[in-house]
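> Quick one: sequence plus predicted model below, questions after.
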Amino acid sequence: MMKMDRRLTRRSVLAGTGAAALTLASRPAIGLAIGPGGDAAPEFVEQLVARMNPEEKAGQLTLMASAIGGAAASALNPANRNNLDQQLAAARAGQITGNFNGAGSDWHRRLQQAAMQSRLKIPMVFAADVIHGFRTVFPVPLGEAASFEPALAERTARAAAAEAAAAGIAWTFAPMVDIARDARWGRGVEGAGEDVLVGRRFAAARVRGFQGAGLDRDDTVLACAKHFAAYGAGEAGLDYNSADISERTLRDVYFPPFRAAVDAGAGSVMASFNEISGIPATANRWLLTDVLRGEWGFSGLVVSDYTADEELVAHGFAADGREAARLAFLAGVDMSMQSGLYARYLPGLVAEGAVPMARLDEAVRRVLTMKVRLGLFAQPFGRLAPGREAQRVRSPANLALAREAGRRSIVMLKNEGGLLPLPRSGRRIALIGPFAAGLHDLIGPWNVYGDDQQAVDLATGLRRALADPALLNVTAGSDVEAPLPGGIAAAVEAARAADIVILAIGESARMSGEAQSRTEVTIPAPQQALAEAVAAVGKPVVVVLKNGRALALEGAVLDAPAILVSWFLGSETGPALADILLGAQGPSGRLPVSFPRESGQEPYHYDHKSTGRPDPPGPIQEYKAHYRTSPNEARFPFGHGLTYGVISYADLDLGPATLRPGGALAVAVRVTNSGSRAAEEVVQLYTHDRAASVTRPVRELKDFRKVALAPGESAIVRFTLRREDLLFVGQDGRLTVEPGLFDLWVGPSAAEGLAGSFALIA
Ligand code: NOJ
């Protein structure tokens with residue numbers, strides 16, 4: 001079979017019969033020796049474009065959901081309108097450029113064979129939402145961001161890309177790099193949280209991981225930075241909602257992770273569903289062309305989100321589908337996902353002169369160049385070697401990486417009295433809650449190819465790790481959003497019979513992700529009732545949260561002596577949690593999103609502005625920026641997370657404390673682990689510009705580093721701060737940095753740290 005594919009490739013492309021094939025055959029270097037920048041592509045692409053008719057061109061700009069979808073594909077997008085025979089026929093007729101979220105290599109091979117029968121034999125590109133793993137599922141991106149280790153995200157993206165590519169997938173709709181400042185929004189789970197610097201570093205790392213050592217290799221996929229832009233800024237945290245937002249905030253906050261992804265070489269960008277101050281992103285020429293291409297020099301492909309061009313009608317921006325296609329296309333959306341509008345209208349729009357042929361050719365050129373860079377012309381079946389998919393997915397190495405990434409994503413919010421880690425033997429443990437056991441809610445939201453049935457739950461993970469698994473007693477106690485008959489009584493009984501309770505509660509996978517905004521970011525009431533009843537028994541309680549967002553914890557959950565935030569950890573959920581609960585490894589994650597005191601504080605982010613009446617610490621004072629009944633600080637701040645060590649910070653040293661033109665500020669601090677267990681501490685550097693021509697946030701993260709400290713070890717951690725780290729968008733809309741005094745903190749979270757100050761000299 002492999003041989004046949006190769007022969008097909010050679011026959012049709014190198015010695016082939018179609019126009020593209022002839023071109024390649026006459027120039028064998030083209031398509032065979034194309035560098036990562038696609039340097040050999042232009043001539044080949046031009047020749048091909050010259051042979052295409054408008055319908056074939058529009059076909060190259062038309063991407064459809066796969067007629068046979070990956071396991072969860074249909075649950076993740078509205079109804080798929082494609083049927084199998086139609087899709088094969090469309091491939092043969094050159095009417096579609098590719099599909100997405102398809103079922104795997106066999107199906108992809110059939111489609112590619114059909115595309116190879118088309119007049120020009122332009123290969124299809126298979127895309128997918130490979131958001132946090134393929135068949136091996138890694139923690140949700142928000143969880144992985146909690147590791148504060150971009151290098152870890154690069155490794156998991158690399159592994160996910162290799163698995164996906166073995167199924168013929170050459171393009172992932174990831175990374176999602178939207179800043180998420182509102183915990184009500186369900187899609188924060190797909191990104192790196194609320195902070196700009198963390199967002200930038202994870203964006204770049206994930207792009208590097210997906211695209212690997214070269215796009216034409218059989219283990220890489222093209223990255224797609226999405227959703228451009230301000231998708232996370234929708235009013236009231238409601239998915240798809242309008243973002244009324246200043247250009248300054250766009251440039252200071254929402255753009256930088258996209259810029260980082262583009263600078264890291266992301267080959268594509270997806271326009272977002274939302275409107276930005278009245279102009280939908282999908283038809284926003286300023287955004288997609290002036291900023292993205294003009295200012296940032298992006299030369300890759302812009303794809304719409306799912307039917308987002310068609311949705312311009314519902315937005316009230318386009319009168320009908322024809323106008324929607326024209327507006328999106330002229331604004332800069334090269335490829336239309338799922339609506340079919342480009343195939344339907346672009347040829348006519350060009351014929352009537354409403355869309356210039358030059359614009360059509362430009363977009364087609366980008367698609368063909370992408371396919372060249374992906375090695376698809378040279379090897380249409382290069383990612384479709386028979387047997388490779390089964391052999392490459394869920395390898396022991398990838399599962400080990402999932403376990404490592406899982407434990408590094410866990411954040412310990414509290415650990416009073418050193419309750420954790422728990423002993424491996426000698427204590428009776430009651431494991432209670434809807435997420436205690438069962439093959440559900442493990443892989444988490446937005447995963448097309450993972451399977452809960454293949455993941456390991458908490459109870460199994462613990463049983464494997466405990467010296468005497470018989471001492472573990474598992475009780476659900478409650479369903480996720482509804483009580484279980486007799487559940488609480490059984491849970492109370494189990495707690496009474498135990499020495500320690502582990503309470504596994506929180507959100508189901510369906511409670512975050514697309515279209516899953518919540519008005520209250522709390523533990524669902526039946527589980528809160530369970531927690532109250534169990535706590536009343538009086539045994540020490542360790543809360544293990546499952547969550548796709550920041551939560552406002554209260555009552556018995558908040559008061560529990562130990563709390564772990566575990567997000568959705570993926571394939572190796574149970575073992576990763578057991579590693580931390582039983583102390584085989586220590587927790588080292590930090591919150592990438594602030595946990596508010598109450599839902600009503602949302603949108604909440606640590607890097608907020610001061611106001612003219614900042615809320616002072618201590619007792620509530622009148623006429624300050626707080627709520628009637630609550631101070632406006634986080635319950636658990638951004639950056640917070642404990643270790644099994646005892647960490648202290650000392651000796652903050654800023655040298656002469658001046659930052660001169662062309663110079664740098666050397667920052668050093670002594671971090672000590674005086675505990676008896678090893679620890680990994682995330683040391684964070686924040687600054688605040690005291691007075692500027694545009695007000696600046698109360699704190700901004702400028703650098704962070706995770707350092708490993710053995711028991712009793714002390715280390716000097718150094719950072720270098722430069723002027724470019726302090727840039728912001730000035731009154732004239734340009735990046736600027738102004739002389740003056742800055743506060744600086746080095747510490748374990750956005751609410752703590754050793755404080756200093758320095759002067760920036762003109
Ligand atoms: C809609 C989502 O917004 C986007 O993130 C995803 O890539 C597409 N559907 C395709 O599944």
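Now that the structure is in, tell me what you want to look at.
> Just say helix, strand or coil for Ala405.
Taken by DSSP: H, G, I helix; E, B strand; the rest coil, the conformation at Ala405 corresponds to helix.
> What pLDDT does the model give it?
Per-residue confidence for Ala405 comes out at a pLDDT of 98.
> and the residue of the stretch 101-250 of the chain nearest the ligand?
Sorted by distance to the ligand under Cβ to the nearest ligand atom, the residues of the stretch 101-250 of the chain start with Phe173, at 3.5 Å. C-beta here means a position set from N, CA and C on the backbone, and glycine is covered the same way.
> Tell me how many other residues surround that residue.
When neighbours are counted by other Cβ atoms under 10 Å, Phe173 registers 27.
> Next up, the contacts around the nearest residue to Ala351 once chain neighbours are set aside.
Nearest-residue entry for Ala351: Pro54, 7.2 Å, with adjacent residues in sequence omitted and distances by Cβ to Cβ, 6 or more residues apart in numbering. Pro54 sits next to 346-347, 350-351, 360 when contact means Cβ atoms under 8 Å, 6 or more residues apart in numbering.
> can you name the two of the residues you listed that are farthest apart?
Taking Cβ to Cβ, the two most distant members of the contacts of Pro54 are Ala351 and Leu360; they sit 10.7 Å apart.
> Between those two, which is the more surrounded one?
Set side by side, Ala351 and Leu360 show unequal neighbour counts under other Cβ under 10 Å, the larger going to Leu360 at 24 against 11.
> which SS state does that one fall under?
State at Leu360, reduced to three classes by three-state DSSP: helix.
> so how far is the ligand from it?
In this structure, Leu360 lies at 24 Å from the ligand, with Cβ to the nearest ligand atom, to the nearest Å as the measure.
> Over to Ala93?
As for Ala93, its distance to the ligand is 24 Å (criterion: Cβ to the nearest ligand atom).
> Name the nearest residue to Ala73, sequence neighbours excluded.
With Cβ to Cβ, 6+ apart as the measure, Asn101 is the residue that lies nearest to Ala73, at 4.0 Å, once sequence neighbours are left out.
> residues contacting the one you found?
Taking Cβ under 8 Å, 6+ apart, we find Asn101 in contact with 65-66, 69-70, 73, 76-77, 127-129, 448.
> right, and Arg635 touches Arg597 too?
Yes - the pair Arg635 / Arg597 is scored as a contact, 4.5 Å apart, by Cβ atoms under 8 Å.
> interface residues of this protein facing the ligand?
By Cβ under 6 Å from any ligand atom, the residues of the chain that approach the ligand are 76-77, 101, 129, 173, 226, 305-306, 514.
> hmm, back to that, so the residue of the stretch 101-250 of the chain closest to the ligand touches Phe126, yeah?
No - the pair Phe173 and Phe126 does not pass the contact test of Cβ under 8 Å, sitting 11.8 Å apart.
> got any residues that touch both of the two?
Phe100.
> Report the closest residue of the stretch 601-750 of the chain relative to the ligand.
Taking Cβ to the nearest ligand atom, the stretch 601-750 of the chain has Pro603 as its residue nearest the ligand, at 19.9 Å.
> Quickly list what Gly747 is bridged to.
Counting by DSSP bridges, Gly747 forms beta bridges with Gln684.
> was I right about it contacting Val717?
No - distance between Gly747 and Val717: 11.1 Å, which falls outside the contact criterion (Cβ under 8 Å).
> Identify the contacts common to these two.
With contacts defined as Cβ under 8 Å, 6+ apart, the residues adjacent to both Gly747 and Val717 are Val683.
> Out of the contacts of Asn101, name the ones that lie in strands.
Of those, the ones assigned to strands by DSSP state E are 65, 127-128.
> Quick one: which of those residues has the lowest pLDDT value?
Least confident by pLDDT among the ones in strands among the contacts of Asn101: that is Ala65, with 95.
> Pretty sure it sits against Leu76.
No - in this structure, Ala65 is not within contact of Leu76 by Cβ under 8 Å, at 9.7 Å.
> Compare neighbour counts for these two and give me the winner.
Here Ala65 and Leu76 are compared on neighbour count by other Cβ under 10 Å; more neighbours surround Ala65, at 24 against 20.
> what's near enough to touch that one?
Under the criterion of Cβ under 8 Å, 6+ apart, the contact list for Ala65 reads 73, 77, 80-82, 99-101, 306, 338.
> The residue nearest to Tyr623 when sequence neighbours are not counted: neighbour count?
Counting by Cβ to Cβ, 6+ apart, Tyr623 lies nearest to Arg613, which is 6.3 Å off, once chain neighbours are set aside. As a burial measure, the neighbour count of Arg613 was computed by other Cβ under 10 Å and equals 12.
> Confirm His626 sits in a strand?
No - when classified by three-state DSSP, His626 is found to be coil rather than part of a strand.
> Phe138 contacts Ala400, correct?
No - using Cβ under 8 Å, Phe138 is not in contact with Ala400, being 11.6 Å away.
> Looking at those two now, which is surrounded by more residues?
Taking other Cβ under 10 Å, Phe138 and Ala400 do not tie; Phe138 has more neighbours (35 against 13).
> residues in contact with the residue lying closest to the more buried one once chain neighbours are set aside?
With sequence-adjacent residues excluded and distances taken as Cβ to Cβ, 6+ apart, Phe138 is closest to Thr156, at 4.2 Å. With contact set as Cβ under 8 Å, 6+ apart, Thr156 has these partners: 132-133, 138, 144, 209, 401-402, 405.
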